[in-house]
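Asker: Here is my input, please return the structure:
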Amino acid sequence: MVADDYRELGTRILAPIARISPLNPMGISLLSLVTAITAGYSFYMADLESKEWLLLGALMVFLTAVLDALDGIVARMRNMSSRRGDLVDHTLDRVADIIIVGGIALGPLVDITVGFSAIIGILMLSYMGTQAQAVGAGREYAGLLGRADRLVVLAIVPVIQYFDQGYQDLNYMTLMCYTFAIVCTISAVYRFQRIWNELE
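Answerer: Down below sits the predicted model:
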């Protein structure tokens, strides 16, 4: 994942916020779910006449990404990391993915088939990452468009869409969903191959 290369930098930036956060990791995770729901609803409402929803959705995705990183930092700082916390974190991440991209899929800017193809690709990629851990191969992050990458794309593309109608007959939100569907599926296959080889 490209964005993972900047994880350490992000940790240094968010560390001061983590130290003074009044919320525990669970509270931060639940707050990130609220921002994800708001993002999904914003994308659902966005069309070429009401494009301001795109900016709100992009902002909510950005906040979701920040909170998603912050909960883990707070957990480590306060020695609150646990298997239950990991379970909740991964579960809420998948729920947030479905809500955000589902809002795009059900909205007027993207054909529902393309939108749900993107969701399938995303879920398969995430599944292969956690399945590697389940079979004892360790958490697998290889491939393009992992969660951190997707959140960056989901925060940037709606802003581009706000200022530009799109490319030829396709708008940028549709192109993004095509990219998610194709690249995430290919990355899922790549992860499967890496896990398979490691289990030998």
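
Asker: going forward, measure contacts between C-alpha atoms and count neighbours the same way
Answerer: Noted.

Asker: Which elements pack onto the helix or strand hosting Leu175?
Answerer: If you go by DSSP states H and E, Leu175 is part of helix 172-199. Identification of packing neighbours for helix 172-199 by 3 or more Cα pairs under 8 Å, 6 or more residues apart in numbering; DSSP states H and E yields helix 112-134, helix 147-163.

Asker: Show me what counts as buried in the shortest one.
Answerer: Buried residues in helix 147-163, counting neighbours by 16 or more other Cα atoms under 10 Å, are found at 147-148, 150-162.

Asker: Next: stretch 52-71.
Answerer: Under the neighbour-count criterion of 16+ other Cα under 10 Å, stretch 52-71 has 52-71 buried.

Asker: One more: stretch 111-123?
Answerer: Of all the residues in stretch 111-123, those buried under the rule 16+ other Cα under 10 Å are Ile112, Val114, Gly115, Phe116, Ser117, Ala118, Ile119, Ile120, Gly121, Ile122, Leu123.

Asker: Likewise for stretch 179-188?
Answerer: So stretch 179-188, judged by 16+ other Cα under 10 Å, has buried residues Thr179, Phe180, Ala181, Val183, Cys184, Thr185, Ile186, Ser187, Ala188.

Asker: Can you tell me what sits against that stretch?
Answerer: Taking contacts as Cα atoms under 8 Å, 6 or more residues apart in numbering, the residues outside stretch 179-188 that touch it are 114, 117-122, 124-126, 128, 142-146.

Asker: try 6 Å
Answerer: Stretch 179-188 is contacted by residues Ser117, Ala118, Gly121, Ile122, Leu125, Gly143, Leu144 when judged by Cα atoms under 6 Å, 6 or more residues apart in numbering.

Asker: repeat for stretch 80-97
Answerer: The list of residues contacting stretch 80-97 from outside it, by Cα under 6 Å, 6+ apart, reads Ala36, Ala75.
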